[in-house]
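Asks: No sequence on hand, only this structure:
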């Protein structure tokens, strides 16, 4: 294997036998250096070279029929090697292993502070530890701690272990969840694939589908279930004021549960444009954008499943099910939060809900405290006391001004006349550069695109003017305005 890889200009980083599988990890660097994967074209060449070498003799070919060959690039390593990695993992828990005892120990656990020319510095529960570099055998990340729910996620990952078909012995096929290879029929219909019985429908968490149905029909049923679960999940987020923060496609679960929410946050003062992730400069994952982002992610899932589940089947399911399911779930839950358990006029109730959100936004009312206060109305508490509890927790004029300024920063462009021609030229000559400037997709129609840029600039200017106006309000004026808005809404709410 090593000789075959060197002919392709790559190195053998690791080779191991795991049950009935031979795992080969390749790198563009020698083993003593940090691993880095080659591009896909070089990897394909390496796969062909190794297979040709291993299948060169009849005896070898007969033996290799019993094993699956897996050739892949290195993933993220748990071992820290480069200066860049030590900077990136600063503040995180690490394990330092030494070649010989240091202070009567060969293993040190603590938060990484830094690595310099002489020592690896750790913080061990507030106590600084220095381990000499000449004694360090390895600095690694600790194994993950298992928490409730991990066993279920483990089952799911086994079911959904899709792998690159070209990187396995069954070239041109699909590695199924039970490890078997469903190969395309040579020269035949690409859909003429032998699907194993152990399939999505047998997962404990997903709906079983009739065994008599075609594979496409069964996959369509499961995709529909994923769409419904995702729509209900994001509706629950919106009802709780929860912001995930980083809704990349790989940070979502087909189970319809919340995972990988590192920079998450719960809204305090209600703001539809609330951004909980400090690195989300453009507000892509802001609170109000979460439903549409989750739908976009489902569309990307549909693309990933094609052609196993054709997009001509999956995308109509998405369009037919997602928006309606989200809207019903969100509206039902929000009306329940308001105590509207016996429907009188759903249209009027939804109008009152929308008016509530508008008052909350304009006064900077606290999301959780507001609903806690509204619970007192149903108990017959004095309306003035309810109003006072809500107004006491509204944002100050200064806090509202800063909110407007933060929103304005999301739209950083100012379309002065001298910039208009520049953007128009870029749209024609270098749309990629224009995309970087706009922090989003470049538009294909120059006139329409310039109108969009102008609208963003106008919105930013309006927000800055609102910030300036808010700063002119005294605390008494701000409170008086809040009381007037809440008093009017609460009277209607009490009557309902």
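Replies: Arrived safely. Since this is a predicted model, take the numbers as computed values, not measurements.
Asks: what's the next secondary structure element after whichever strand or helix holds residue 318?
Replies: Residue 318 is part of helix 311-337 when elements are defined by DSSP states H and E. Following helix 311-337 in sequence order, the next helix or strand is helix 346-363 (DSSP H and E).
Asks: Packing partners of the helix or strand just after that following helix?
Replies: Note on helix 346-363: by DSSP H and E, the next helix or strand toward the C-terminus is helix 367-378. Using 3 or more C-beta pairs under 8 Å, 6 or more residues apart in numbering; DSSP states H and E as the contact test, the elements touching helix 367-378 are helix 383-392, helix 475-495. C-betas here are computed from N, CA, C, even on glycine.
Asks: Check for me that residue 17 belongs to a helix.
Replies: No: counting by DSSP: H, G, I helix; E, B strand; the rest coil, residue 17 is not part of a helix but strand.
Asks: ok so, going back, which positions in the helix holding residue 318 come out as buried?
Replies: By 16 or more other C-beta atoms under 10 Å, the buried positions in helix 311-337 come out as 313-315, 317-318, 321-322, 325-326, 329-331, 334-335.
Asks: tell me the most buried of the helices and strands packed on helix 367-378?
Replies: helix 383-392 (a mean of 16; mean count of other C-beta atoms under 10 Å).
Asks: name the helices or strands packed onto that helix?
Replies: Partner elements for helix 383-392 (3+ C-beta pairs under 8 Å, 6+ apart): helix 367-378, helix 475-495.
Asks: next structured bit after that helix?
Replies: helix 397-410.
Asks: how much does that following helix deviate in direction from helix 346-363?
Replies: 100 degrees (axes from the mean of the first three to the mean of the last three C-alpha atoms, to 10 degrees).
Asks: And the buried residues of helix 311-337, which is closest to residue 483?
Replies: residue 334 (24.3 Å; C-beta to C-beta).
Asks: Hmm, residue 239 and the closest one touching each other?
Replies: Yes: with contacts counted by C-beta atoms under 8 Å, residue 334 reaches residue 239, the gap being 5.8 Å.
Asks: Of the helices and strands packed on helix 383-392, which is nearest residue 24?
Replies: helix 367-378 (52.7 Å).
Asks: The closest one vs helix 346-363, what angle?
Replies: Per the same axes, to 10 degrees, the angle that helix 367-378 makes with helix 346-363 is 130 degrees.
Asks: What average pLDDT does helix 367-378 get?
Replies: Summarised as a single mean, pLDDT over helix 367-378 is 94.
Asks: What residues of that helix count as buried?
Replies: Result for helix 367-378 [16+ other C-beta under 10 Å]: buried residues 367, 369, 370, 371, 373, 374, 377.
Asks: and what of stretch 116-130?
Replies: For stretch 116-130, the neighbour count (16+ other C-beta under 10 Å) marks 119, 120, 121, 122, 129 as buried.
Asks: now do stretch 398-407
Replies: 400, 401, 403, 404, 405, 406, 407.
Asks: Check what contacts that stretch and list those residues.
Replies: 269, 271, 273, 275, 364, 395, 463-464, 466-468, 470-471, 478 (C-beta atoms under 8 Å, 6 or more residues apart in numbering).
Asks: and the helix holding residue 318, what does it pack onto?
Replies: Secondary elements touching helix 311-337 (3+ C-beta pairs under 8 Å, 6+ apart): helix 215-240, helix 290-305, helix 346-363.
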